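# give the three-dimensional model of this entry:
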Amino acid sequence: MAFLAWAVAAPLAVLAASLRLPSESNWFLVHKGLNLAALLLTLIAVILAINNVEASRQFTENHHIVGLTMAIVVSLQVTSGFLRHIKRDVWNIVHRITGVILLSMGVWQLQDGLKMIDATQ
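Below you'll find the model as predicted:
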């Protein structure tokens, strides 16, 4: 789930916004849809992780803490998208910076998750 969110949906959402794809008139619908998909996949991944990790081990590793942080921040990021008309110039800057931070965290999280999988084998 998290892999689909941060290796597929979120980067494609950024690409759609950056390059105005698939077209100038409907890039925003693609951007919004992919970001909503990333949010839902992230929330599902966190719920599954919490349900599948025994209580004494929950949030004991950086991967767990970063994952929960990302879920909270991406929730705020998507929610703020519906408030973009307020202080538009400031909003654009904050939205872009937050997006870059989330994507960077996503790359780290994917790498760390792959290391965790490798360590268990």
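# just the helices from this structure, written as ranges.
Assigned by DSSP state H, the helices in the chain fall at 2-3, 10-19, 27-52, 62-81, 88-119.
# adding mean pLDDT and mean neighbour count, write these out as TSV.
In this view, the C-beta of every residue, glycine as well, is placed from N, C-alpha and C. Output for the helices of the chain, formatted as TSV (pLDDT from 0 to 100; neighbours: other Cβ atoms under 10 Å):
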stretch	mean pLDDT	mean neighbour count
helix 2-3	94	18
helix 10-19	95	17
helix 27-52	95	17
helix 62-81	95	16
helix 88-119	93	13
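# dump the residue contacts of the closest residue to Gly67 other than its chain neighbours.
Distance criterion Cβ to Cβ, 6 or more residues apart in numbering; nearest residue to Gly67, sequence neighbours excluded, is Val46 at 5.9 Å. For Val46, the contact set (Cβ atoms under 8 Å, 6 or more residues apart in numbering) comprises Gly67, Leu68, Ala71.
# thanks a lot, catch you later.
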